[in-house]
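[1] based on what follows, work out the 3D shape:
(chains A and B)
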Amino acid sequence: MNFLKGSLAWIEERTGAMAFVAPLMFHHVPRNAKWWYVFGSATLMFFTIQIVTGVCLATVYAPSAAQAWQSLNYIDTEVPMGWMLRALHGWSSNAMVVMMAIHMLQVFLHASYKYPRELNWITGVFLLLTTLALAFTGQVMRWDQDAYWGLGIGAAIADRIPVFGDQARALLLGGPIIGGETLNRFFALHVFVLPGAAIALVGLHMVLIIKNGISEMPKPGAVVVPSTYRKEFEERMHKDGVPFVPDAAQRDMVFCGVCLIGLVALAAFYGPFGPGGIPDPTLINTNPRPDYPFMWLFGAVSLLPPASETAIMLIAPAIVVLVLVAVPFLSNSGERAPSKRPAMVLLALVTVTAIAALTWEGTTSPWSPVMDGWSSLPTPSEFTKGRTPLEMQGAVVFQFAQCRNCHSLDGRGGKRGPALDDIATRLSYDQLVRQVQQGGGNMPAYGKNLDSAQTAAVVGFLSTLHPFNEPDAMTPGAQLPLPSGAATIR
Amino acid sequence: MSESKEKSCGCGGCGCGSAPAAASKSEQRRGFMFKVGAGLLGVGGLLTALPIVSYLIGPATKRFSNIWVNLGATSSFPAGQTRFATFLNPIRQPTDGDSAKTACWVRCIEAGQFQVFAINCAHLGCPVRWFEQSKLFMCPCHGGVYYQDGSRAAGPPPRGLFEYAWKVEGDALLIDAGRLPGLEESV
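    Model (predicted):
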């Protein structure tokens, strides 16, 4: 014991480590800073896991377009615990994004970004961007079909930049095609540049936390007055604060411990993400999808009106970043309590709902045709019962002309266009012919692609699609069902 | 112990004791030296940054010209049909692996008349698929649709499919290929 004390003192005398660390460990934090404050620590913990597992993976991963995919399969199948390391890296990445989002939401709802913590918030915004960039470049590391076509999407967006589009695209891809230099470029970003930036930003974030202290739980009426805040805050901490270790740290430890166990369980149970299909761009039977953190963007892109799409794709991200950075400048004093800031709470709620809804949209992607719907889905048997040969022929045309890729029957098929189960109650024969021949909306015109016999057949089939107890839509003017009392009016 | 103390003490005394004139002279020299140092570092830094920056933006400044690639005998593209064709990108490099493989759609309008489409949707670059029965190209990402002549039929694409220039040499169909097709390609 004495020896231990002695050697610690020896080290302390030469490094001053404790003198440096003690104020960090024992600085006073608000007594009421309870479970709300654990998410930042959890984010940091997952980031640490990313660094450790990332370095481990880099010892085997081959950062070369010719071998990356093979080396991942090698890690999964041949390297002891390789699959687990990949699983930990993948799950921890998602967990880090989730924890960061919750942390940010909490800080926003509690207005912790107000004086004097404006720069805490701004370094946080840059940490958000860095983390998302790490997530995107990480998806590229997987070098499978999703990675390849995801880069294709990035390239197509860069290409739309006015004047410099071509150069921007070349910079992104590291050359004229998606290839070897693309992967290496993203590898350098993913393992050197972005982690370096993230570590520096985390350091800055920490320094600011120590300097400005952790904010108290917001209370209605406890307004932030920049001219007196710091002095009063320090007095309150001195009188009523509790040391970070152990009072606050113990909660962080409990939460992080639970998170870690959850992470290992998820990784062990569900295993690693991908790699998906081999990154051979001539294998085109693929449905490229981004990773979860970007699903909402994938969804958003599909909802943009084509006319203003380019402008929105290029300008919106810059505006979002600007607004985020501007948050603490727009209001850096006054009330912090959510109950006194209903507009901000509403804004947060709308944002979260929008991202959740877009993520759902992106996951189900109803705008994507079901590419093999026409060949793989059966015609529901009730839609063939009692049909004439021509109508049966129409059911065949409906499949073979790929209508089913965009339209569902009996709930199965594409969701790009409306379900057609009861289309005959909505459109008359003539209207159906017009819709098939001229298309419209997001439907192509089939006028030149189907001959008149095929058109007659498919429309014949469609006009049988109505519930048997409901009449079909009549050709206007043919046999208008008279409204009750119409006779007397006439 | 006491000796070392004395030593450091003596050293300090030495500095304090120098004449004011000498101090200002050394200060002057220090000011000059600082400026020279800043200048040298600046020039050196610029000289170092130049190759680094040009290296990093190299992909944007280097010009790649497309090269004629042989897609095979014209007889493998029957008239009135649209066929899938693949080739190795002519401007590939050793580390590209599979990603140097490239696909395109070849439409033979009539003997000797072709249209060669890039696989990439003009919306966000996903690979479009050809459906012979409905004579449509469809994109799996956001539902872009094109007619057999490559013109936009429906969905979000801002234009028709990108086309490669083609020529027939002897019996072979050649296309002018290389860079990933994009908006720089003429309409």
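[2] quick one, what contacts B:Phe117?
    B:Cys104, B:Trp105, B:Val106, B:Arg107, B:Val128, B:Phe137, B:Gly150, B:Leu161, B:Phe162, B:Glu163, B:Tyr164 (Cβ atoms under 8 Å, 6 or more residues apart in numbering or on different chains). (C-beta placed from N, C-alpha, C; glycine too.)
[3] could you rerun that using 6 Å?
    Shown in contact with B:Phe117 (Cβ atoms under 6 Å, 6 or more residues apart in numbering or on different chains): B:Trp105, B:Gly150, B:Leu161, B:Glu163.
[4] may I ask which of the residues you listed has the most neighbours?
    Within the contacts of B:Phe117, B:Leu161 tops the neighbour count with 26 neighbours, counted by other Cβ atoms under 10 Å in any protein chain shown.
[5] tell me the pLDDT of that one.
    On pLDDT, B:Leu161 comes in at 94.
[6] chain A next: which of the contacts of B:Phe117 are close?
    Residues of the contacts of B:Phe117 in contact with chain A (Cβ under 6 Å from any Cβ of the partner chain): none.
[7] among the residues you listed, which ones are in strands?
    Counting by DSSP state E, the part of these found in strands is B:Trp105, B:Glu163.
[8] dump the residue contacts of residue 146.
    Using chain A. Contacts of A:Asp146 by Cβ under 6 Å, 6+ apart are A:Gly276, A:Pro288, A:Arg289.
[9] was after chain B, sorry
    B:Tyr146 neighbours (Cβ under 6 Å, 6+ apart): B:Phe137, B:Arg152, B:Ala153, B:Leu161.
[10] what separation do you get for the closest residue to the third one other than its chain neighbours and A:Ala249?
    Pointing back at B:Ala153 there. Leaving aside its chain neighbours, B:Ala153 sits nearest to A:Pro444 (3.5 Å; criterion: Cβ to Cβ, 6 or more residues apart in numbering or on different chains). Relative to A:Ala249, A:Pro444 is positioned 62 Å away (criterion: Cβ to Cβ, to the nearest Å).
[11] please list which of the contacts of A:Asp146 are also close to chain B.
    Of those, the ones that also sit near chain B (Cβ under 6 Å from any Cβ) are A:Pro288.
[12] top of the contacts of A:Asp146 by neighbour count?
    Neighbour max across those (other Cβ under 10 Å) = A:Pro288, 24 neighbours.
[13] for that residue, give me its contacts.
    Applying Cβ under 6 Å, 6+ apart, the residues near A:Pro288 are A:Asp146, A:Trp149, B:Cys126.
[14] surely it is within a helix?
    No: with DSSP: H, G, I helix; E, B strand; the rest coil as the criterion, A:Pro288 is located in coil rather than a helix.
[15] tell me the phi and psi of it?
    phi -60, psi 130 (degrees, to the nearest 10).
[16] spatially, which residue comes closest to it, not counting chain neighbours?
    Distance criterion Cβ to Cβ, 6+ apart; nearest residue to A:Pro288, sequence neighbours excluded, is A:Trp149 at 3.4 Å.
[17] same question for A:Leu208.
    A:Asn120 (4.7 Å).
[18] quickly note the distance from that neighbour to A:Leu109.
    15 Å.
[19] thinking again about what came up before, what is the burial count for the residue nearest to A:Leu208?
    The local packing of A:Asn120 (other Cβ under 10 Å) involves 22 other residues.
[20] then A:Trp83?
    18.
[21] surely it and A:Thr77 touch.
    No: at 7.5 Å, A:Trp83 does not count as touching A:Thr77 under the criterion of Cβ atoms under 6 Å.
[22] what sits up against stretch A:394-406?
    With Cβ under 6 Å, 6+ apart, stretch A:394-406 has contacts from A:369-370, A:373-374, A:377, A:379, A:413-414, A:416-417, A:454, A:457-458, A:460-461, B:131, B:133-134.
[23] so which of those sit within strands?
    Within the contacts of stretch A:394-406, residues falling in strands by DSSP E are A:Gly413, B:Phe131.
[24] just the buried members of the contacts of stretch A:394-406?
    A:369-370, A:373-374, A:377, A:379, A:413-414, A:416-417, A:454, A:457-458, A:460-461, B:131, B:134 (16 or more other Cβ atoms under 10 Å in any protein chain shown).
[25] and the longest helix seen in chain B, average pLDDT?
    For chain B, the longest helix by residue count, based on DSSP state H, is helix B:20-56. Confidence for helix B:20-56, expressed as mean pLDDT, is 88.
[26] who are the packing partners of it?
    Applying 3 or more Cβ pairs under 6 Å, 6 or more residues apart in numbering or on different chains; DSSP states H and E, one finds that helix B:20-56 contacts no other helix or strand.
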